[in-house]
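> below is the sequence, then the predicted model.
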Amino acid sequence: MQIKIDHLTKKFPDTTAVDDFTMEFESGKLTALLGPSGCGKSTMLNMLAGILPATDGHIYFDDDDVTDMPPQKRGVGLVFQNYALYPHMTVLENICFPLEIQKVNKAERIEKAKEMAKLVHVDQYLDRKPKELSGGQQQRVAIARALIKTPRLLLLDEPLSNLDARLRIEMREEIRRIQQETKVTTIFVTHDQEEAMSISDSIVLMKDGILMQVDKPQALYDDPNHTFVASFLGNPPINNLEGIINDAGDFELKDHSATIKLNEKKGIKGEEVILGIRPEAITIGPDFNTKAEILERYTMGKEELANIKIGSAELRVYISVDHDCKKGDVIDLVLRNKGVFLFDKASGKRL
Ligand SMILES: Nc1ncnc2c1ncn2[C@@H]1O[C@H](COP(=O)(O)OP(=O)(O)OP(=O)(O)O)[C@@H](O)[C@H]1O
Ligand SMILES: [Mg+2]
């Protein structure tokens, strides 16, 4: 099912939590709603679920306007951070529960629950109580319970944030698998860019209730439309340098301590800009006049990182292990075409 939202807005007395969103969530795909804490992700999800009324705008499920439809009629499955399982019920009873409410007969609901338990790999724990399960297993049960009604839309609000780092990675792969097997249109809320990048078909990046950019994960990383988008994605993060474009069309640091040659001239000069350089976007080469001093080199797992200084600006970059430069050396470097962006300083928009 395709979800369309049209000028959707939610105002609270002192915040506009969702500000005039117009977009579509693709049918049968997994979309991540990504953004920092407080940017309106849960508010958006709760409006889609029907738990929160919209202040303005419309929500369409395919061609149905569901803006005023009560939650139980929307055919939505919900999973939250705290699994919210019923502690006194077994795994099987928990998964069955939504069908019991719908008065589905017992044999049928047990059969369906077993099928769901198998799908999420908890079929060996059917008689256990939630407290006898690990966090990851409890979250699988919560997902099975959300899926048993065959929802048209599955909404997951930070479902992995109570799990430890390793389990999070395992569970995000599981959610990906379950989504691909069931093909249910899914919206997954997270503030973790790596989680969003690895799990989703597309990402909706939000900031202060505003839709910043919607794109496929790699496209969002490679082609950000705003300095916020460029900075939110990527670890180690992008280097942001403040300065102006000089008469030659190159970048000059604000305090004039260095100039960086740009591969692509934008036909502007004198403008205040932010130059974003991803850590992987430089190479060392002899014929370029951007000089940098190596402040520190260190390895991070299998990667080699360096802190370098260009004029007064410090950057964190990858340097190939083939270069045997060391701390204190001055190197010539060149920017790659990919991973280098110019943003307007005042608006943050990509130039
Ligand atoms: N019931 C409410 N009444 C008033 N303000 C609210 C209410 N719910 C949320 N807000 C405000 O709306 C904004 C968005 O909140 P929301 O919970 O949607 O953020 P979020 O992106 O889900 O954050 P987090 O990642 O921390 O869960 C916040 O500024 C929050 O304080
Ligand atoms: Mg939230």
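Arrived safely, thanks for sending. Numbers count the residues shown, from 1 in each chain. Ligands and ions are numbered 1, 2, ... in the order given.
> I'd assumed R109 was in a strand, is it?
No. Read with DSSP: H, G, I helix; E, B strand; the rest coil, R109 is helix and lies in no strand.
> residues in contact with it?
By CB atoms under 8 Å, 6 or more residues apart in numbering, the contact set of R109 is 96, 99-100, 148. For every residue, glycine as well, the C-beta is placed using N, CA and C.
> now the element after the one helix or strand E314 maps to, going C-ward?
Taking DSSP states H and E as the criterion, E314 maps to strand 313-318. Under the assignment DSSP H and E, the closest C-terminal helix or strand after strand 313-318 is strand 330-335.
> now stretch 133-141: how far from the chain's centre is it?
Centre-to-centre, stretch 133-141 and its host chain are 23 Å apart (CA atoms, centre = their mean, to the nearest Å).
> same check on stretch 86-93?
Taking mean C-alpha positions (CA atoms, centre = their mean), stretch 86-93 and its chain are 32 Å apart.
> now swap in stretch 126-134 and tell me
31 Å.
> what's the span of it, first residue to last?
End-to-end distance of stretch 126-134: 14 Å, with CA to CA, to the nearest Å as the criterion.
> need the residues of this structure near ligand 1, please.
12, 15, 17, 35, 37-43, 191 (CB under 6 Å from any ligand atom).
> in helices only, show me these.
Here DSSP state H is the test, and those give 41-43 as lying in helices.
> now, which of the contacts of R109 sits nearest ligand 1?
I148 (25.8 Å; CB to the nearest ligand atom).
> and the closest one, what does it touch?
Per CB under 8 Å, 6+ apart, neighbours of I148: 95-96, 98-99, 109, 112-113, 116.
> quick check: it vs K29, distance?
22 Å (CB to CB, to the nearest Å).
> what is the neighbour count of the residue of the stretch 51-200 of the chain at minimum distance from ligand 1?
Across the stretch 51-200 of the chain, the shortest distance to ligand 1 (CB to the nearest ligand atom) belongs to H191, at 4.8 Å. Residues lying near H191 (other CB atoms under 10 Å) number 18.
> what does H256 give?
Count around H256 with other CB under 10 Å applied: 12.
> relative to G311, how far out is it?
With distances taken as CB to CB, H256 is found 8 Å from G311.
> then A84?
54 Å.
> quick one: which of those two has more around it?
Applying other CB under 10 Å to A84 and G311 shows that G311 carries more neighbours, namely 20 against 13.
> wait, isn't the more buried one in contact with K254?
No. The criterion here is CB atoms under 8 Å, and G311 misses it with K254 at 9.5 Å.
> how many residues are close by the closest residue to T16 other than its chain neighbours?
In this structure, T16 finds its nearest non-sequential neighbour in G209, 5.0 Å apart by CB to CB, 6 or more residues apart in numbering. When neighbours are counted by other CB under 10 Å, G209 registers 22.
> now do K265
K265 is flanked by 12 other residues according to other CB under 10 Å.
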